[in-house]
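give me coordinates for this.
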Amino acid sequence: MDPHLLRTYVTVARLASFSEAARALGYTQSAVSQHIAALEQDLGTALLTRRPVAPTPAGARLIEHAGPLLLRLDAARAEVVRMAAAPQWGLTLAATATALTRDVAEALPPAGVTLRVLPREEIPAAVATGRAELGLVDGLAAPNDPLRLPDVAPLTARGVAQEPVDVLLPEGHPLARRAGLSLGDLVDARWIDAPGAGLPLAQLRTANGTSGFRPALHYDGTDLRTLTALAAAGHGLALLPRSAAQRVPGAVAVPLTAPRVVHRTEAVHAGALRGPAAALAAQLDAASPVREASPPGHAG
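Residues are numbered from 1 along each chain as shown. Next comes the predicted model:
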């Protein structure tokens, strides 16, 4: 299967238009049509309906395969180019909002840093495809256990930070005076769904081994102060690493005592690190209190 044809097909299906896909890819509309026809001939089945432009059942299944395949190709190209290139000045770091602790900020080089705050599920792909030399991903985990990263490419990950987690709630909330809280007691509470700024509700469901944790408000952003302000105003609870939950005006941070989980941060990279990326990773590693329960490198 020709990856160029596959990329064209995915673009047409995403935009639901041959002409829009042609503009996005820099091709003529005739060339796009020829690519789709050639791919359909190769696979022996129709992949798109024309009016409207939409995937057939076989085309929809191909799209499910196409994303990981094209990402792997992009990752392979990026790694080979990176190996052949001379070391560059500067560092591009991709990180989640809750991975950017004060310790991480203090470890950054004094100049030449480009910081990209991304949703956690996008960071491994950004590192794999060369859009960032180093990534910082985070999430809930059992103490000293590695995070489960998506299998987008061969990546190396190592724990660099670990801290308790707190439930952030308004000062007047009935549970604000508790010494500790269990997730089991909060399944039916009002929650803020803020996957880009806090710990996703899906991770709470996994940690508690149950459904529930329905959102009362969805925040589609990465600003941590916005999330804490929403929690303090009573729009829902939020689960945060302790360093982010403390000293929020109008809110109380109550420790999560059950299940026994921590907020874990891992540094992720592809291939051998060089230059400022290697220096930052070494500094984070030297300051890390995390004891690895598995070898330092793991993928997926």
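
CA only for contacts and neighbour counts going forward, please
Noted.

Val248 contacts Thr228, correct?
Yes. The criterion here is C-alpha atoms under 8 Å, and Val248 meets it with Thr228 at 6.9 Å.

so which of those two has more stuff around it?
Thr228 (28 against 17; other C-alpha atoms under 10 Å).

mind pulling up the pLDDT for the more buried one?
Looking at Thr228, its pLDDT reads 97.

hang on, it in a helix?
Yes. Counting by DSSP: H, G, I helix; E, B strand; the rest coil, Thr228 is part of a helix.

that one touches Gly250, doesn't it?
No. Counting by C-alpha under 8 Å, Thr228 sits too far from Gly250 to count as a contact (9.4 Å).

quick one, strands of the protein?
In the chain, the strands defined using DSSP state E lie at 48-50, 53-55, 91-95, 113-117, 134-141, 156-163, 165-170, 181-182, 191-193, 215-218, 238-241, 251-258, 262-269.

next, format those strands as TSV and append distance to Ala232, mean pLDDT and mean neighbour count.
Listed next are the strands of the chain as TSV, based on distance: least, C-alpha to C-alpha, whole Å; pLDDT from 0 to 100; neighbours: other C-alpha atoms under 10 Å:
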stretch	distance to Ala232	mean pLDDT	mean neighbour count
strand 48-50	49	91	15
strand 53-55	44	93	18
strand 91-95	25	93	24
strand 113-117	23	93	16
strand 134-141	22	94	27
strand 156-163	22	92	23
strand 165-170	5	96	26
strand 181-182	17	96	16
strand 191-193	11	96	25
strand 215-218	13	96	15
strand 238-241	10	96	28
strand 251-258	5	96	21
strand 262-269	21	94	25
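
who wins for proximity to Gln203 among those?
Checking those against Gln203 by C-alpha to C-alpha gives strand 134-141 as the closest, at 6.7 Å.

so which elements touch that closest one?
Using 3 or more C-alpha pairs under 8 Å, 6 or more residues apart in numbering; DSSP states H and E, the elements in contact with strand 134-141 are strand 91-95, helix 123-128, helix 201-208, strand 262-269.

looks like Leu227 contacts Leu199 (just checking).
No. With contact defined as C-alpha under 8 Å, Leu227 does not count as touching Leu199 (10.9 Å).

the two: which has the busier surroundings?
Leu227 (27 against 23).

show me the contacts for the more buried one.
The contact partners of Leu227, taken as C-alpha atoms under 8 Å, 6 or more residues apart in numbering, are 194, 197-198, 219, 238.

now swap in Asp42 and tell me
Applying C-alpha under 8 Å, 6+ apart to Asp42 gives the contacts Met1.

quick check, pLDDT for it.
In this model, Asp42 carries a pLDDT of 90.

which other helices and strands contact the helix ranked longest in the chain?
Across the chain, the helix with the greatest residue count (assigned by DSSP state H) is helix 57-84. Judged by 3+ C-alpha pairs under 8 Å, 6+ apart, helix 57-84 is in contact with helix 3-15, helix 123-128.

in a markdown table: the strands of the chain, plus distance to Gln41.
Below are these laid out as a markdown table (distance: least, C-alpha to C-alpha, whole Å):
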| stretch | distance to Gln41 |
| --- | --- |
| strand 48-50 | 12 |
| strand 53-55 | 16 |
| strand 91-95 | 40 |
| strand 113-117 | 41 |
| strand 134-141 | 41 |
| strand 156-163 | 39 |
| strand 165-170 | 54 |
| strand 181-182 | 57 |
| strand 191-193 | 44 |
| strand 215-218 | 44 |
| strand 238-241 | 51 |
| strand 251-258 | 56 |
| strand 262-269 | 39 |
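
quick one: low-confidence parts of the stretch 51-200 of the chain?
The stretch 51-200 of the chain contains residues with pLDDT under 70 at 82-89.

likewise for the stretch 201-300 of the chain?
Looking along the stretch 201-300 of the chain with the criterion set at pLDDT under 70, you get 291-300.

OK, contacts around Ile36?
Going by C-alpha under 8 Å, 6+ apart, Ile36 touches 5, 8-9.

tell me which residue is most central in the protein.
Against the mean C-alpha coordinate of the chain, by C-alpha atoms, centre = their mean, the closest residue is Arg120 at 1.7 Å.

separation between the closest residue to Val12 other than its chain neighbours and Thr28?
Excluding its sequence neighbours, the residue lying closest to Val12 (C-alpha to C-alpha, 6 or more residues apart in numbering) is Ala21, at 5.1 Å. Taking C-alpha to C-alpha, to the nearest Å as the measure, Ala21 falls 9 Å from Thr28.
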